[in-house]
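Undergrad: How does the following fold in three dimensions:
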Amino acid sequence: MITSIAHATVYVLNQDEALDFYKNKLGFEVGDDMKVEGDFRWLTVYPKSKPQLQLVLAEPKEGPMFSQDAAEKIRGLIAEGAFGAGVFETENCQKTYEELVAKGVAFIQPPTEQLYGIEAMALDNSGNWFSLVQR
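TA: All right, here's what the predicted structure looks like:
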């Protein structure tokens, strides 16, 4: 029986730059950071209050998971902003929005009233969009 989700993958263009963004701009903690089998790097981050769900910051490269062609296509889609990194919850969307803007996070939508709460839409430094939601 499956009891929970432990990891979700966010494809990024550069793991070092993504780590800097998620750690220093969003305030996430580092879960794991290790090299496995050659140059494959297992890198995870999580919000301080939720270590049980970690984001895998994965750089698509040619190897056991992707052909060279597939890795290049995925990198192109990331750069175009075709992927979402999910929904991050906050207790105060406006305050968190202002804090993140001050840290240089790019937003494509400021906090806006929605049926489900207040939502802002941002981009990570690879081009992935994510929602910032106050229920």
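Undergrad: going forward, measure contacts and count neighbours with C-alpha atoms only.
TA: Fine.
Undergrad: And the helices in this structure?
TA: Assigned by DSSP state H, the chain shows helices spanning 15-20, 68-79, 93-102.
Undergrad: and of the ones you listed, who's closest to Leu115?
TA: helix 93-102 (14.6 Å; CA to CA).
Undergrad: by contact count, what packs against that closest one?
TA: strand 106-114, strand 117-123, strand 129-134 (3 or more CA pairs under 8 Å, 6 or more residues apart in numbering; DSSP states H and E).
Undergrad: Show me what counts as buried in stretch 16-27.
TA: Residues Ala18, Leu19, Phe21, Tyr22, Lys23, Lys25, Leu26 are the ones in stretch 16-27 that count as buried (16 or more other CA atoms under 10 Å).
Undergrad: Please tabulate those in TSV and include distance to His7 and pLDDT as additional columns.
TA: What follows is the buried residues of stretch 16-27, written out as TSV (distance: CA to CA, whole Å; pLDDT from 0 to 100):
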residue	distance to His7	pLDDT
Ala18	16	98
Leu19	16	98
Phe21	19	98
Tyr22	15	98
Lys23	17	98
Lys25	21	98
Leu26	18	97
